[in-house]
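Engineer: 3D, please:
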Amino acid sequence: MKIRLLDTELGLWRYLALWTGVVLLFTAQSYVHDALQGETWSLFDYLRWSMIVWYSWAALAPLVFRLAERYPIESPLKWANLRAQALAACAVTFATVVIGAVVSHLFEPGTLDEQIRQFAAQHVATGLLTYGALVALRQAMHFYREKTRREVEASKLVAELAQSRLQVLKTQLQPHFLFNTLHAIVTLLEEEPASAEDMLLRLSELLRAFLEDQEGQEIALHRELELLDLYLGIQRMRFKDRLTTRVYVDPETLDCAVPSLILQPLVENAIRHGIGKHVGSDCVEIDVRRDADHLCLEVRNSNSLLESAPKALSGHGIGLSNTRLRLRELYGDGAEIRLGALWPKGVACRVRLPLRRLEVPQVDAA
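Structural biologist: Next up is the predicted model:
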């Protein structure tokens, strides 16, 4: 059997144990009071009187909680609720007096009327205070429940907001890349229709891959490299022999988790600030390795200077700034991204992530 107090349920024995503690406390208090006066009864009598009073309140406490919930005393204060609680306090206290008198009449000499008057004289004030204490306890439980609920809702909102920001940052990368690629395709349409068509097919395959990976914020490194290979194929076709790409990957890192589309904007940045702005050829290299508990991604080119890309350095470039924001949202201070100059020429963008492996779902053989 359960005793329900607001949203809290207590087992019957635990509920009785709580009130038994109150019984014993007031038994001791009454005995000590009379002992100081120099006249005491048997300890059993004090226990019996205390049990009659406080177990009566135990029986009526759930009713008090329901009344406190129906007529709450809270801001803004409603006088109708206050009047209702005052009447309820008197009624419940009177009920405990009557219950106590009836039970006590079974053990004590005298009439029932005498027992009622005696209980009223001794326990009305205590009863009103007890009713007030139960209402206050109900209010405290209510405020704690509301505080907990609001904290849970606030944490959910924070998580949803962070997820929304991540999704926005992720989708911002795709229009930026699409614009540049479509511009290249338009440029090739008249000069090399076959190359433009091939580039369009590659773009279609890449877009399909984007849509498939739209749900998650992290993917395995090997999947990220597959997406990057589609992108690099488009760029090699655009720049032809001027662009060389090399990829160095530690095989042990292929199942590590990385933010989806983390490499594509960094490579695009390297191409845009390198071969996209300078004459001659360029080599873009991607290096992925493990460093203790971190995964290190490095994208470097050999045909640009660090001072020639002030926007990228200050974090205002679309690709680099979005990547920095995504890393902050996903990993907080656990990840970093920075630019560095290469000698004698070139720029390297280095990303450092917490090392975490994605579990690959097992497929049962048919």
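Engineer: so E108 makes contact with Q115?
Structural biologist: Yes: E108 is in contact with Q115 according to C-beta atoms under 8 Å; the separation is 6.5 Å. For every residue, glycine as well, the C-beta is placed using N, CA and C.
Engineer: Which of those two has more residues huddled nearby?
Structural biologist: Regarding E108 and Q115, a neighbour count based on other C-beta atoms under 10 Å identifies Q115 as having more, with 22 against 15.
Engineer: That one: what's it in contact with?
Structural biologist: Shown in contact with Q115 (C-beta atoms under 8 Å, 6 or more residues apart in numbering): A101, V102, S104, H105, E108.
Engineer: one more time with 10 Å
Structural biologist: Listed by C-beta atoms under 10 Å, 6 or more residues apart in numbering, the contact partners of Q115 are V97, V98, G100, A101, V102, V103, S104, H105, L106, F107, E108, P109.
Engineer: By neighbour count, which of those residues wins?
Structural biologist: Neighbour-wise, the contacts of Q115 (other C-beta under 10 Å) top out at G100, 26 neighbours.
Engineer: So W343: helix, strand or coil?
Structural biologist: Here W343 is recorded as coil under DSSP: H, G, I helix; E, B strand; the rest coil.
Engineer: and if you look at K277?
Structural biologist: Judged by three-state DSSP, the three-state class of K277 is coil.
Engineer: same thing with L77?
Structural biologist: coil.
Engineer: chain center to the helix ranked longest in the chain, what's the gap?
Structural biologist: Assignment by DSSP state H gives helix 112-191 as the longest helix of the chain. Centroid separation for helix 112-191 versus its chain: 10 Å, with C-alpha atoms, centre = their mean, to the nearest Å.
Engineer: helix or strand right after that helix?
Structural biologist: helix 193-212 (DSSP states H and E).
Engineer: Columns distance to K156 on top of the contacts of Q115, output as a markdown table?
Structural biologist: A markdown table is the format used below for the contacts of Q115 (distance: C-beta to C-beta, whole Å):
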| residue | distance to K156 |
| --- | --- |
| V97 | 49 |
| V98 | 49 |
| G100 | 49 |
| A101 | 53 |
| V102 | 52 |
| V103 | 51 |
| S104 | 54 |
| H105 | 57 |
| L106 | 56 |
| F107 | 57 |
| E108 | 59 |
| P109 | 64 |
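Engineer: just curious, which of these is nearest to Q139?
Structural biologist: The shortest approach to Q139 among the contacts of Q115 belongs to V97, at 24.9 Å (C-beta to C-beta).
Engineer: Check the gap between the closest one and L134 for me.
Structural biologist: Distance, V97 to L134, by C-beta to C-beta, to the nearest Å: 16 Å.
Engineer: next one: S260
Structural biologist: Using C-beta to C-beta, one gets 56 Å for the distance from S260 to L134.
Engineer: before we move on, what about R236?
Structural biologist: 78 Å.
Engineer: between these two, who's got more neighbours?
Structural biologist: Neighbours were counted for R236 and for L134 using other C-beta under 10 Å; L134 has more, 22 against 16.
Engineer: Quick check: which element contains L10?
Structural biologist: Using DSSP H and E, L10 sits within strand 8-11.
Engineer: Quick one: name whatever helix or strand follows that strand.
Structural biologist: Next along the chain after strand 8-11, with elements defined by DSSP H and E, is helix 12-37.
Engineer: which helices and strands does that next one pack with?
Structural biologist: Packing contacts for helix 12-37, counted by 3 or more C-beta pairs under 10 Å, 6 or more residues apart in numbering; DSSP states H and E, involve strand 2-5, strand 8-11, helix 43-70.
Engineer: part of a helix, is E108?
Structural biologist: No: using three-state DSSP, the secondary structure at E108 is coil, not a helix.
Engineer: for it, what are its contacts?
Structural biologist: Listed by C-beta under 10 Å, 6+ apart, the contact set of E108 reads D45, R48, W49, I52, A101, E114, Q115, Q118.
Engineer: Next one: it from V23, what distance?
Structural biologist: 18 Å.
Engineer: Near L67, how many other residues are there?
Structural biologist: Counted with other C-beta under 10 Å, L67 comes out at 22.
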